[in-house]
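Visitor: Give me the fold of what follows.
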Amino acid sequence: MLGWLFARRGSHMVLSDVDIRRYIEEGKIRISPELPPEQFGSCSVDFRLGNEFSIFEHSRFPYIDVREKSAIQDIMRTVRVKDGEPFILQPREFALAITEETLELDDDVLGRLEGRSSLGRIGIIVHGTAGLFDPGWRGRATLELSNLGIMPVALYAGMRICSFTFEQLSSAVSVPYYKKAGNKYAGQAHPVASRLTAEIADKKDS
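Guide: Below you'll find the predicted structure:
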């Protein structure tokens, strides 16, 4: 029956909490530090917010030029908050953040980062488009935080900020993410800004 369902759905199957725990035990999904029981959902695991953020210095730079060779990271400022101190995300503000946990995926498992409804209901979005984590991903997840509400929101390092679901592929990929020559974000340990400028520069020079 399971094989029929797997075939009907195509190339992937969402893992339940039972299978997530089994994959962790088998080393197909590796998360550090080890997750406490309260961070497991029925088909997901919660990740916590780290203490490092990157924000645009919009008062110093008039706009972002995606064709400019200087890195977008150069127009961002790093903010580190101490334990117990808040990071205040203002209305309409955008900031990059990082998860406290590190994630490593086997070559036949993909992850999807999801926002938490409890945060969404106060206007906080934790990712825009970067929800898919390819098989072979290794590193901490950069979060794309936005405040869509009309009130500032205080966020704290260590709070549960997002959740991950996982899917089993029909087979291992030929080139896992960490082995791709053009991968831009493998092994990240800090909030990494968009590397779109380098991508456009490479196409222009080729």
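Visitor: ok, the residue nearest the centre of the chain - contacts?
Guide: With distances taken as C-alpha atoms, centre = their mean, the residue of the chain nearest its centroid is A141 (3.4 Å). Contact analysis of A141 by C-beta atoms under 8 Å, 6 or more residues apart in numbering lists 47, 98-99, 103, 113, 133, 162. For glycine as for every other residue, the C-beta is placed from the backbone atoms N, C-alpha and C.
Visitor: Which ones among those residues map onto helices?
Guide: Among the contacts of A141, no member falls in helices (criterion: DSSP state H).
Visitor: what's the closest of those to E57?
Guide: I98 (18.8 Å; C-beta to C-beta).
Visitor: So for that closest one, what's the nearest residue that isn't a sequence neighbour?
Guide: Distances taken as C-beta to C-beta, 6 or more residues apart in numbering place G50 nearest to I98, at 4.2 Å, with adjacent residues excluded.
Visitor: Now do that neighbour against Y156, distance only.
Guide: For G50, the distance to Y156 (C-beta to C-beta, to the nearest Å) stands at 11 Å.
Visitor: Which of these two has more residues huddled nearby?
Guide: The residue with more neighbours, out of G50 and Y156, is G50; 23 against 15, by other C-beta atoms under 10 Å.
Visitor: And the helices in this structure, which stretches?
Guide: Under DSSP H, the chain gives helices at 2-9, 17-26, 117-120, 196-205.
Visitor: and the ones you listed, which one is worst for confidence?
Guide: If these are sorted by mean pLDDT, helix 2-9 sits at the bottom with a mean of 44.
Visitor: mind checking how far the spatially closest residue to R92 that is not a sequence neighbour is from G123?
Guide: Using C-beta to C-beta, 6+ apart and skipping the chain neighbours, the partner closest in space to R92 is N147 (6.7 Å). N147 sits 6 Å away from G123, going by C-beta to C-beta.
Visitor: Name the residues contacting each of those two.
Guide: 91, 153.
Visitor: neighbour count winner among those two?
Guide: Neighbours per residue, other C-beta under 10 Å: of N147 and G123, the larger number sits with N147, 21 against 16.
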